[in-house]
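Participant: After the sequence you'll find the predicted model.
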Amino acid sequence: MSKEVDALFDALFALTDLRVLLRETVPIHKLNEEQQNQAHSAIARVREALSLLEGALDSEDRK
Amino acid sequence: MKIANNIPVREVEEDYINIQPIQAAGRLTGDAMKALIAYGDGYSTCDQCRKPFRLDKITKPNIAEFHNDLAEFLHMEEARVTPGARRAFQAVCLALAEKGDTVLVSALAHYTEFLAVENANAVVNEIPLNEKNVVTGDAVAQKIEDVTREKGKKPALVMLDHFDYSFANEHDIASAARAAHQYDIPILYNGAYTVGIKPVDGKQLGVDFVVGSGHKSMASPAPSGVLATTSEYADQVFRTTQMIGDVTGRKFGIKEVEMLGCTLMGANIIAMMASFPTVQRRVNNWQEYVEKSNFVIDALINIKGNKCLSEYPRKHTLTKVDTTGSFDKIAKTHKRRGFFFSDELKRLGIVGEFAGATRTWKLNTYGLSWDQTSYVADAFKEIADKHDLL
């Protein structure tokens, strides 16, 4: 698996982790400390994966 | 938000506590959702399908091992995945019942058990319930005697739900199995409401077939299910094709007739596999979910006029209640009629009761945390209080 495809799935999976947190906390979505940490971690993983994908898109090799 | 312009995104589980009776335990795990993302393409399990070309023999991903794990999980000897519990009923009926044979089912049997029997050109006879809406071993024995006397032939099969779909009452499977075996009749355990949420030991129960529903109780997408059996019946229900094409001479030796070859060939089995570690763990927490169920039902029946129609205290998370003496009284004069109750629940972030129903209806609390359990119990009290029912 290329690192770009790996990043794509990692972003999708991290968003899925966020989705699970939403499901676990319905209907008020009040996250406890551990859940907040999990949410922050998932968002960071998405950002990191998107940065890698943006970098790949902008790289000279692809132009 | 829409998919392909006209399919609404389903956000029920992200926005609401869902107490829908048949959806609760089929809710996917995060890992199952990831499996759907990665394995959504049609024949996605077949990338590395090698000889002998059968789903349960594939080792990458390790579908073969999953089949062994399923059999072990249910304390049986062989297992196959099926497109729902209904296809497992069908496979067993087709394998065991001949035209005109009798198959005994509970008076609370699911309709798909009827269809499976009819599909095999056999005939359903129902085992009556006792005064508590429960099937006993004695009732099974009596029905076998009655049918054998009337038809001159004993039934070909007994199919019995451990917990039925209507009341989710517990039926005495072990006694039923002893009764059936006294007459040398095989018995199928319908675990659509147990396999995947509570421990099931087919060997200890003494049954010949264990059937589970992936989408009902194993945190898996529909359709998915499992059929497990003993080595005694495996050759019969998993028989392989003997057919040879008269023009081409083709034969498909290892394909199983009642399974119609491979069954779950894509995302469904991979999602089922992805949820399985969670499923294996969560069955050990069953009693806690039953406690939560009783907590909610206690709150409901403490509202004047309400009754629990299922056996009580609850032994399951699915329950049938009667609110004719409370919420239905409000519905009679409310401008929204019975929908007032759905409106009130939705306002509080709860969905899944049968919209508009205020007399008898079902709810399932499986999967709720204690916070959510208290929230649901308080919501019923709040609605009752608002309408002066307390």
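Facilitator: Received the coordinates, thanks. Numbering: from 1, shown residues only, chains lettered A, B, ... in the order given.

Participant: how far does stretch B:127-146 sit from the chain's center?
Facilitator: When C-alpha coordinates are averaged (CA atoms, centre = their mean, to the nearest Å), stretch B:127-146 and its chain have centres 22 Å apart.

Participant: ok, residues contacting that stretch?
Facilitator: Contacts of stretch B:127-146 with the rest of the structure, by CB atoms under 8 Å, 6 or more residues apart in numbering or on different chains, involve B:104-108, B:125-126, B:154-155, B:158, B:160, B:167, B:169-172, B:174-180, B:182-183, B:185, B:311. From N, CA and C alone the C-beta is placed, and that goes for glycine too.

Participant: Same check on stretch A:27-36?
Facilitator: A:21-22, A:24-25, A:39, B:15-17, B:348-350, B:375.

Participant: Stretch A:38-56 and chain B, any residue contact?
Facilitator: No: counting by CB under 8 Å from any CB of the partner chain, chain B is not contacted by stretch A:38-56; separation bottoms out at 10.4 Å.

Participant: dump the residue contacts of the closest residue in space to B:Gly191 that isn't next to it in sequence.
Facilitator: Closest residue to B:Gly191 in three dimensions, ignoring its sequence neighbours and counting by CB to CB, 6 or more residues apart in numbering or on different chains: B:Gly212, at 4.8 Å. Neighbouring residues of B:Gly212 by CB under 8 Å, 6+ apart: B:74, B:85, B:191-192, B:194-196, B:200, B:218, B:225-226, B:228.

Participant: Return a PyMOL selection command for the buried portion of the contacts of stretch B:127-146.
Facilitator: To isolate the buried ones among these in PyMOL, judged by 16 or more other CB atoms under 10 Å in any protein chain shown, type:
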select buried, chain B and resi 104+105+106+108+125+154+155+158+160+167+169+170+171+172+175+176+177+178+179+180+185+311
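
Participant: So which of the contacts of stretch B:127-146 reach chain A?
Facilitator: Cross-checking the contacts of stretch B:127-146 against chain A (CB under 8 Å from any CB) gives no overlapping residues.

Participant: so of the contacts of stretch B:127-146, which ones are in strands?
Facilitator: B:104-106, B:125-126, B:158, B:160 (DSSP state E).

Participant: got the buried residues for the lengthiest helix in chain A?
Facilitator: The helix that spans the most residues within chain A, counting by DSSP state H, is helix A:33-58. Counting neighbours by 16+ other CB under 10 Å, one finds that the buried residues in helix A:33-58 are A:38-39, A:42, A:45-46, A:49, A:52-53.

Participant: Contacts only, for residue 9.
Facilitator: Because you didn't say which chain, this covers chain A. A:1, B:37-38.

Participant: Hmm, no, I was thinking of chain B.
Facilitator: Counting by CB under 8 Å, 6+ apart, B:Val9 makes contact with B:1-3.

Participant: How is B:Asp328 assigned, secondary-structure-wise?
Facilitator: Assigned by DSSP: H, G, I helix; E, B strand; the rest coil, the conformation of B:Asp328 is helix.

Participant: Count the neighbours of it for me.
Facilitator: 18 (other CB atoms under 10 Å in any protein chain shown).

Participant: That one reaches B:Gly356, doesn't it?
Facilitator: No: the pair B:Asp328 / B:Gly356 is not scored as a contact, 10.9 Å apart, by CB atoms under 8 Å.

Participant: Show me the common contact partners of those two, please.
Facilitator: Taking CB under 8 Å, 6+ apart as the contact rule, B:Asp328 and B:Gly356 both touch B:Gly338.
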